[in-house]
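Peer 1: got a sequence here, can you build the structure:
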Amino acid sequence: MTVHDFPDEQPGPVLAKLRKPRSQQLTRLAFVADIHLSTDGFGTSKVYHRTEELFETLISDINARDVSGVVFLGDQTHDGRPKEFDLFDTMVEQLQFPWISLPGNHDVPKEHDEHRSLLYTEFKRRYTPRGDGYPFVTEFNETSVISLNSSCTPDGCLRNTASGKISQQQLDYISGLDLDVSRTIVTLHHNLSLLPEHTVDYPWNQFQIENRTSLVDSLPANSSPLVVSGHHHLPAVTNTENYLELIAPAVCSFPQSYLLAEISSRGTTVFLVPLSDRDEITESYWFAKNGSVTSQGSLEMASNRLGRLPLLVEE
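Peer 2: Alright, predicted model coming up:
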């Protein structure tokens with residue numbers, strides 16, 4: 001199976017069918033990860049020269065669907081340059097539905113930056129409800145989406161790494177929430193889970209948040225809430241006794257798609273929605289295949305999962 005093999009009446013192939021979250025009112029949420037919008041880049045596994053075109057396609061595709069909201073899961077930009085955020089802001093104005101935005105590791109300043117980056121204080125001002133940062137909760141019909149920042153912390157411990165961490169202030173906030181996990185989704189950029197193919201060594205150790213155990217402990221015990229993340233540039237599902245995690249694929253790189261979750265009284269069906277045609281996805285495959293060890297590994301893991309969709313069906 002490829003990302004283009006699915007019945008005409010569906011938005012894309014089914015990634016997963018879940019028992020929860022549930023909603024009496026049909027709710028459709030788009031989860032968009034790793035656009036890496038570039039104004040002048042070319043090539044690499046992120047196919048920088050296609051990012052603006054893909055973002056336009058994404059907006060048009062979402063606007064053609066009756067969605068309740070859109071969650072941008074981080075790495076909206078190539079490398080956090082102000083002009084990249086300005087382009088994102090201009091283009092996202094075309095989106096006809098409510099949206100929220102999380103920071104990714106490429107959206108925040110790093111010590112190795114050789115360019116001026118948008119300050120995190122400005123990111124908060126632009127993209128959080130009151131301009132004071134994360135976490136916050138957004139209601140889409142009966143579904144609550146918790147937005148977390150895993151990409152920068154008050155102590156600056158992430159300024160020299162692509163890894164992620166949830167600050168103590170955010171952990172305390174989650175612990176204090178009265179969560180109904182049957183209608184709650186937790187979102188962040190970095191992943192909670194290492195995938196089965198991973199080792200604990202670099203570069204694979206940069207995908208899982210550093211304090212995963214602390215975040216899991218802050219969630220309601222034995223509740224297995226749904227968590228949605230990005231960062232890894234591949235679609236994946238991890239089901240544990242403490243949580244169920246969906247990893248959203250990248251818009252920029254193979255397989256150039258996003259997740260559309262349809263939440264109803266029967267549970268949630270998650271579709272993998274393609275954004276590129278067969279020639280364009282072939283180009284993204286070529287760039288990944290001829291890219292870094294990380295991009296080659298992610299390509300192999302993505303291809304493996306595309307070949308066995310759906311990845312999870314809960315009865």
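
Peer 1: doesn't E283 belong to a helix?
Peer 2: Yes - applying DSSP: H, G, I helix; E, B strand; the rest coil, one finds E283 inside a helix.

Peer 1: ok, now which ones touch the closest residue to it other than its chain neighbours?
Peer 2: Once flanking residues are discounted, E283 sits nearest to V47: 6.7 Å by CB to CB, 6 or more residues apart in numbering. All C-beta atoms are positioned from the backbone trio N, CA, C, and that covers glycine. If a contact means CB atoms under 8 Å, 6 or more residues apart in numbering, then V47 has 252-253, 256, 283-284, 287 as its contacts.

Peer 1: could you identify the most distant pair in those residues?
Peer 2: C252 and E283 (11.8 Å; CB to CB).

Peer 1: between those two, who's got more neighbours?
Peer 2: Using other CB atoms under 10 Å, the more surrounded residue of C252 and E283 is C252, with 27 against 17.

Peer 1: residues in contact with that one?
Peer 2: Contacts of C252 (CB under 8 Å, 6+ apart): 34-36, 46-48, 50-51, 54, 233.

Peer 1: which one of those residues is nearest to V14?
Peer 2: Among the contacts of C252, and counting by CB to CB, the member closest to V14 is H233, at 20.4 Å.

Peer 1: measure how buried the spatially closest residue to that closest one that is not a sequence neighbour is and give me the count.
Peer 2: Nearest non-adjacent residue to H233, counting by CB to CB, 6+ apart: A250, 3.9 Å away. Neighbours of A250 under the rule other CB under 10 Å: 30.

Peer 1: try the one 3 residues further on
Peer 2: For S253, the number of neighbouring residues by other CB under 10 Å comes to 28.

Peer 1: now the strands for the stretch 101-250 of the chain?
Peer 2: 136-140, 143-147, 184-187, 226-229, 236-239, 244-247 (DSSP state E, counting those that start in this stretch).

Peer 1: would CSV of these with mean pLDDT be doable?
Peer 2: Output for the strands of the stretch 101-250 of the chain, formatted as CSV (pLDDT from 0 to 100):
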stretch, mean pLDDT
strand 136-140, 96
strand 143-147, 96
strand 184-187, 96
strand 226-229, 97
strand 236-239, 96
strand 244-247, 97
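
Peer 1: contact partners for the closest residue in space to C152 that isn't next to it in sequence?
Peer 2: Spatial nearest neighbour of C152, excluding adjacent residues (CB to CB, 6+ apart): V108 at 4.5 Å. By CB under 8 Å, 6+ apart, the contact list for V108 reads 80, 117, 120, 123, 151-152, 158.

Peer 1: try it again with 10 Å
Peer 2: By CB atoms under 10 Å, 6 or more residues apart in numbering, the contact set of V108 is 74, 77, 80, 117-120, 123, 149, 151-152, 158-159, 189.

Peer 1: can you list the weak-confidence ranges in the chain?
Peer 2: The chain contains residues with pLDDT under 70 at 1-2, 5-8, 111, 113, 222.

Peer 1: let me know the outermost residue of it.
Peer 2: E114 (26.1 Å; CA atoms, centre = their mean).
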